[in-house]
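Novice: Build me a model from this:
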Amino acid sequence: MHVRAYLRASTKDQDASRARDDLFRFASERDLKIAASYVENESGATLARPELFRLLSDCHPGDILLVEQVDRLSRLNAADWERLKAQIQQRRVKVVALDLPTSWMMATADKDDIQSRMLDAINGMMLDMLAAIARKDYEDRRRRQAQGIAKAKTEGIYKGRPEDAERNEAIMKMLANKQSWNSIVKATGCSRSTLSRLSKRVAASTLP
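Specialist: Numbering: from 1, shown residues only. Predicted coordinates for the structure are as follows:
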């Protein structure tokens, strides 16, 4: 059995490895050794998480997927959560979360068949519940954000997200040097809509 730690944060402005010490402490207290850590900055509301799926592909039956909180694993909608859960179950991976005490027993020595099946059932129900709560929290925050923006626009005080002038200047230089859009996206992580907007600036600046 291998323990694999998964650490996720939503944006590049957050530290995905912040919870590393807590996960390693949890494992150490149970005489477990974390074989590998998988760190990424991606939204929990999407399945487009290469490090999570690399973790799952590395797993063997009985391995443990260790997370700080269930919402680090999933803020997915119901359909996507079922897809991810099917992948976890297919690989016979045990999910252990620090905020889910019913899962902690999964990290200890193997139980007899009946006890193991009971733990799996209880843990599965709790995972489903916390995954649903995490999704609701995500949707509530998105709705409040949209309401706040709409109100600010109505009052004429909405300014939008501040522009990253230094990054955009570098991107514009890449565009001016005829660098491909794909390579710019890969190098900077910017969206294609941002590239479209900045390419118009570049074109305008070259007009006589």
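Novice: Just the buried residues of the host helix or strand of Asn182, please?
Specialist: Assigned by DSSP states H and E, Asn182 belongs to helix 181-188. The neighbour-count check on helix 181-188 (16 or more other Cβ atoms under 10 Å) flags Ile184, Thr188 as buried. Placement of C-beta: from N, CA and C, glycine included.
Novice: by contact count, what packs against whichever helix or strand comes after it?
Specialist: As assigned by DSSP H and E, the chain's next helix or strand after helix 181-188 is helix 192-205. Of the remaining helices and strands, those touching helix 192-205 by 3 or more Cβ pairs under 8 Å, 6 or more residues apart in numbering; DSSP states H and E are helix 165-176, helix 181-188.
Novice: can you list the domains in the protein?
Specialist: 3-137, 165-205 (automatic domain parsing).
Novice: Return the most buried member of those domains.
Specialist: domain 3-137 (a mean of 16; mean count of other Cβ atoms under 10 Å).
Novice: Can you give me the end-to-end span of that one?
Specialist: Using Cα to Cα, to the nearest Å, one end of domain 3-137 lies 28 Å from the other.
Novice: ok, Ser10 - contacts?
Specialist: Asn41, Glu42, Ser43, Gly44 (Cβ atoms under 8 Å, 6 or more residues apart in numbering).
Novice: mind exporting stretch 8-26 as CSV, just the C-alpha atoms?
Specialist: Extracted as CSV, the C-alpha positions of stretch 8-26 are listed here (Å, rounded to 0.1, in the frame of the first residue of the first chain):
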residue,chain,number,x,y,z
ARG,A,8,-4.5,21.5,-5.0
ALA,A,9,-5.1,25.3,-5.0
SER,A,10,-7.5,27.1,-7.2
THR,A,11,-5.3,29.8,-8.7
LYS,A,12,-1.6,30.6,-9.3
ASP,A,13,-1.9,33.2,-6.5
GLN,A,14,-2.5,30.4,-4.0
ASP,A,15,0.1,28.0,-2.6
ALA,A,16,-1.0,24.5,-3.5
SER,A,17,1.7,23.0,-1.2
ARG,A,18,0.4,24.9,1.9
ALA,A,19,-1.1,21.8,3.4
ARG,A,20,1.9,19.6,2.9
ASP,A,21,3.0,19.7,6.5
ASP,A,22,-0.4,18.7,7.8
LEU,A,23,-0.6,15.7,5.4
PHE,A,24,2.9,14.5,6.3
ARG,A,25,2.1,14.9,10.0
PHE,A,26,-1.1,12.9,9.7
